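In: fold the following.
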Amino acid sequence: MQSFERTTLCGLIDEQYLNKTISICGWVQKRRDHGGLIFVDLRDRSGLMQIVFNSDFGKEAHKLAHDLRSEFVISVTGKVIERAQETINNNMPTGKFELQVTNLVILNKSKNPPFSLEDAQNVDEELRLKYRYIDLRRPLMQNRIRIRHEVCFAARQYLHDQGFYEIETPILTKNTPEGAREFLVPSRINQGCFYAMPQSPQQYKQLLMASGMEKYFQIARCFRDEDLRADRQPEFTQLDIEMSFINEEDIYRIIEGILKNIFKKGINVDIPTPFARMKYQEAFDSYGSDKPDLRFGLKIKNCSEIFKDTELSFIKDILKKDGQIGAIHIENHEFTRGSLDNLTDKVLKMGAKGLLWIKIKDDNTFDSPVKKFLPQDFVSRMRTLFPEIGENSTLFMVAGYYENAWDTLGRLRLELAKELNIINEKELNFCWITDFPLFDYDRETGKLDAKHHPFTAPQDGWEKLEPKNMLARAYDVVLNGTELGGGSIRIHDSELQGKVFELLGLSKDTMNAKFGHLLEAQELGFPPHGGIALGIDRLVMLMTGSQSIRDVIAFPKTSRGFDLMMNAPTEVEPEKLAEYSIKIMARKKD
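Out: Below is the predicted model of the structure:
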């Protein structure tokens, strides 16, 4: 068994260790062999320390040091001395010192790594994911994981001080129709039956309120068998919170306090509170999104009235079908024809029928593919919406059903902001979005789906409205165009819960089969309550300026949900499946 000691960490060596003999451990970052002298940058989680091998003060260690290569794991003992003035490295916290090694123990050798840590940013991501344990050795990645730890610790600390209990809820649970597709887990003991892995601890945390716990939180693992993207993984982490006897203002206060604590402890940034608030309808009308990026303007304006007497046949058809036309105005920027074509292609890929652009030179001069169909006073008309229209202005318009057209305009707005380079990357613009619709309404089928989830309480007066016009006691907290989390005040009355289920098309039998436990609890002393969940992965991604949540998760999966390091998921032998009474049918083709 190899014997080694550790006095301190590499990155913590300072004046207190000067002229003292210490022992440190770590990985070989670089080795520079100058013959009589061998220099090694030794790395551990805390940073780097330069160590020196010289036969004058460590003959055996110097001899052994010739064998060292990148990523060898070693332990060294020696004396800390000051570097010569001309060799001080001011880019390293330990750059004033070096360790004269008298003893070296090679704890583990390393083959030539599949990529160097210094060049990892230029390596294909799939290679880095396959060798994630090497990728995580990089200081950049270690710092991201450290910040993630600080975020979780700061949240726990704040909530503990506010009187919350941290309570774990089951991973194996019941399959219920809450929205996202669930992962199913077969039960060997209960043949033919399946557990579901939770999309969130939603029903459990509500039942904890029925249990009289009053203030609950959990840093919860959640699972969704959904298509992936940059800010989505099949398993993710959220800070889950629920409280009894509260209203929306209590939620806002707690979350703003948590985020203030998290940003201070995590990245030493003071964020101002309270956050701005905006109703859902204003957000969608002005920004085409329920998670608007408020670091820049470019508001959308409805210009349907201006086109009510248009000669453009496709616009006429859209307006006759209750469609609408929205516009974004850009001033003092010259768009080339190539740039306009590129934006049009992007809008088509978003699912819109097309993008109408109009370049304005002055009141009487403008250019557009539909110029001959526009009235002479078109610029004057548009100035009623955009008074700032002047020379070298451009208007971008999308027509269609309101929801579809404004969603496209919202995404176009982001593309324009990138092209114009008007986003302040250092700005942190928080906002609460409130007064969401209670339901999503499908125009073609007339079907209703819960906007948040079916346990969200409707606002007062809901019974007097058509379902598509009902509003929810729901709220999202948004940062720079990304939803950090969402929640609502919940339904705590079984009669009201049953009516909402009915509006969603659930029969009595389905209600009892899927949610009977919740409905019964609501008849046995269920307190008013509400909650929220914050996405830890998204939050840390934004705090660290990362491009994807994969960059802040220790062991993430690819965009197709595959773990390259563990080579999962895998097929299972028929004999093992038989224990669960499962047989694989013919595979679906992609």
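
In: biggest helix in the protein by residues?
Out: The residue-count maximum for a helix in the chain (DSSP state H) belongs to helix 139-161.

In: I'd like to know which elements the helix or strand just after that one is packed against.
Out: Per DSSP states H and E, the first helix or strand lying C-terminal to helix 139-161 is strand 165-166. In this structure, strand 165-166 packs against helix 139-161, strand 215-223, with contacts taken as 3 or more Cβ pairs under 8 Å, 6 or more residues apart in numbering; DSSP states H and E. The C-beta positions use only the backbone N, C-alpha and C, and glycine is treated the same way.

In: neighbouring strands - and their directions - for strand 165-166?
Out: Strand 165-166 pairs in its sheet with strand 215-223 (parallel), by DSSP bridges.

In: quick one: distance of the partner strand to the chain centre.
Out: Chain-centre distance of strand 215-223: 16 Å, with Cα atoms, centre = their mean, to the nearest Å.

In: just the C-alpha atoms of the helix or strand that it is followed by, please, in PDB.
Out: Moving toward the C-terminus from strand 215-223, the next helix or strand (DSSP H and E) is strand 235-244. Written as PDB, here are the backbone C-alpha positions of strand 235-244 (Å, rounded to 0.1, in the frame of the first residue of the first chain):
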ATOM      1  CA  GLU A 235     -33.300  14.100 -15.700                       C
ATOM      2  CA  PHE A 236     -32.900  17.500 -14.100                       C
ATOM      3  CA  THR A 237     -32.800  19.200 -10.700                       C
ATOM      4  CA  GLN A 238     -35.200  21.700  -9.300                       C
ATOM      5  CA  LEU A 239     -35.500  23.600  -6.000                       C
ATOM      6  CA  ASP A 240     -39.000  22.600  -5.000                       C
ATOM      7  CA  ILE A 241     -41.000  24.700  -2.500                       C
ATOM      8  CA  GLU A 242     -44.500  24.600  -1.000                       C
ATOM      9  CA  MET A 243     -46.100  26.700   1.700                       C
ATOM     10  CA  SER A 244     -49.500  26.700   3.500                       C
END
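
In: now the angle from strand 235-244 to strand 215-223?
Out: Relative orientation of strand 235-244 and strand 215-223, computed by axes from the mean of the first three to the mean of the last three Cα atoms, to 10 degrees: 160 degrees.

In: let me see the contact set for I241.
Out: Applying Cβ atoms under 8 Å, 6 or more residues apart in numbering, we find I241 in contact with L159, F164, Y216, F217, I254, I255, G487, G531, I532, A533, L534.

In: okay, and the beta partners of it?
Out: I241 has the following beta-bridge partners by DSSP bridges: F217, I532.

In: what about K372, neighbour count?
Out: 7 (other Cβ atoms under 10 Å).

In: show me what counts as buried in stretch 498-515.
Out: G498, V500, F501, L503, L504, L506, M511, K514, F515 (16 or more other Cβ atoms under 10 Å).

In: tell me the secondary structure for the last one?
Out: Put plainly, it is F515. Following DSSP: H, G, I helix; E, B strand; the rest coil, the label given to F515 is helix.

In: excluding chain neighbours, what is closest to it?
Out: Leaving aside its chain neighbours, F515 sits nearest to T176 (6.7 Å; criterion: Cβ to Cβ, 6 or more residues apart in numbering).

In: what does the pLDDT read for that neighbour?
Out: pLDDT for T176: 78.

In: kindly report the same for E118.
Out: At E118, pLDDT is 91.

In: is it fair to say it lies in a helix?
Out: Yes. Applying three-state DSSP, one finds E118 inside a helix.

In: and the residue nearest to F515, helix, strand or coil?
Out: coil.

In: what does D270 give?
Out: What three-state DSSP gives for D270 is coil.

In: returning to what we had before: the longest helix of the chain vs strand 235-244, what angle?
Out: Going by the same axes, to 10 degrees, helix 139-161 makes 20 degrees with strand 235-244.

In: which stretches of the stretch 51-200 of the chain form helices?
Out: Applying DSSP state H, counting those that start in this stretch to the stretch 51-200 of the chain gives helices spanning 59-65, 125-130, 132-135, 139-161.

In: my bad, the stretch 401-550 of the chain
Out: Per DSSP H, counting those that start in this stretch, the stretch 401-550 of the chain carries helices over the ranges 402-420, 494-503, 508-521, 536-544.

In: between the second one and helix 508-521, how big is the angle?
Out: Interaxial angle, helix 494-503 versus helix 508-521 (the same axes, to 10 degrees): 150 degrees.

In: which strands and helices sit next to helix 494-503?
Out: Helix 494-503 sits against helix 508-521, with contacts defined as 3+ Cβ pairs under 8 Å, 6+ apart.

In: can you give me how far the helix it packs on is from the chain middle?
Out: When distances are taken as Cα atoms, centre = their mean, helix 508-521 is centred 33 Å away from the chain's centroid.

In: alpha carbons only: can I get it in PDB?
Out: Presented in PDB, the C-alpha positions along helix 508-521 are these (Å, rounded to 0.1, in the frame of the first residue of the first chain):
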ATOM      1  CA  LYS A 508     -65.400  10.700 -12.900                       C
ATOM      2  CA  ASP A 509     -63.800   7.300 -13.200                       C
ATOM      3  CA  THR A 510     -60.500   8.700 -14.500                       C
ATOM      4  CA  MET A 511     -60.500  11.300 -11.800                       C
ATOM      5  CA  ASN A 512     -60.800   8.700  -9.100                       C
ATOM      6  CA  ALA A 513     -58.400   6.300 -10.700                       C
ATOM      7  CA  LYS A 514     -55.700   8.900 -11.300                       C
ATOM      8  CA  PHE A 515     -56.200  11.400  -8.600                       C
ATOM      9  CA  GLY A 516     -58.500   9.800  -6.000                       C
ATOM     10  CA  HIS A 517     -55.800  10.100  -3.300                       C
ATOM     11  CA  LEU A 518     -55.700  13.900  -3.900                       C
ATOM     12  CA  LEU A 519     -59.400  14.400  -4.000                       C
ATOM     13  CA  GLU A 520     -59.900  12.500  -0.800                       C
ATOM     14  CA  ALA A 521     -57.200  14.500   0.900                       C
END
